[in-house]
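Asker: With the sequence up front, the predicted model follows.
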Amino acid sequence: MRDADYYAPGSYNDANAPWNETHVPECEFDLEVTETVQRIVTVTTDDYNEYIDEEDGHKYIDTEKTDWEKVYEDNGCLSVGVLIDKMREIVQEYCNELDKSIALNIPSKSDRRELIKKRKYIQSIIKESQGWETVETEFN
């Protein structure tokens, strides 16, 4: 008997047959991702000029020379990168607490499995929060 005798007629050399498929191994690739984010936030400042139009008597505010980046920071606003870093710190603390709970040999295996599952999810969030940087910041 030949090897081909063990297969359905015509399928021995069929490239689409499952036994003839080749597996391409997964490879890692560096991928640059650029995401533009935007938000509108209300801030307060005294860094502006106020004047009254002599012709119509209306009051006008000129913010042309306002340092909006400084105003943004002075109001406690955080850039996306800083916000992600702070959130990562909080999540890492939570992950450390989960590690302590897991190490305590929780009686129930299902409870332990659930904590391990949560920990893996938290670790994925920590991983995803790394590597972000602010490429461009604009204040209008």
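Answerer: Alright, I've got the coordinates.
Asker: Please count neighbours and contacts with C-alpha atoms only from this point.
Answerer: Will do.
Asker: Show me what counts as buried in the biggest helix by length in the chain.
Answerer: Counting by DSSP state H, the longest helix found in the chain is helix 80-103. Within helix 80-103, the residues that count as buried by 16 or more other CA atoms under 10 Å are Gly81, Ile84, Asp85, Arg88, Val91, Gln92, Cys95, Leu98, Ile102.
Asker: Output these as a markdown table; include the columns distance to Ile61 and pLDDT.
Answerer: Listed next are the buried residues of helix 80-103 as a markdown table, based on distance: CA to CA, whole Å; pLDDT from 0 to 100:
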| residue | distance to Ile61 | pLDDT |
| --- | --- | --- |
| Gly81 | 32 | 86 |
| Ile84 | 35 | 90 |
| Asp85 | 36 | 91 |
| Arg88 | 40 | 92 |
| Val91 | 43 | 91 |
| Gln92 | 45 | 92 |
| Cys95 | 49 | 88 |
| Leu98 | 53 | 83 |
| Ile102 | 59 | 79 |
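Asker: Just name the closest of those to Val135, please.
Answerer: Gly81 (9.8 Å; CA to CA).
Asker: quick check: angle from whichever strand or helix holds Ser110 to helix 80-103?
Answerer: Ser110 belongs to helix 109-128 when assigned by DSSP states H and E. Between the axes of helix 109-128 and helix 80-103, defined by axes from the mean of the first three to the mean of the last three CA atoms, to 10 degrees, the angle is 160 degrees.
Asker: Show me what the helix or strand bottoming out on mean pLDDT in the chain is packed up against.
Answerer: Lowest by mean pLDDT, DSSP states H and E among the helices and strands of the chain is helix 109-128, with a mean of 85. Secondary-structure packing of helix 109-128 (3 or more CA pairs under 8 Å, 6 or more residues apart in numbering; DSSP states H and E): helix 80-103.
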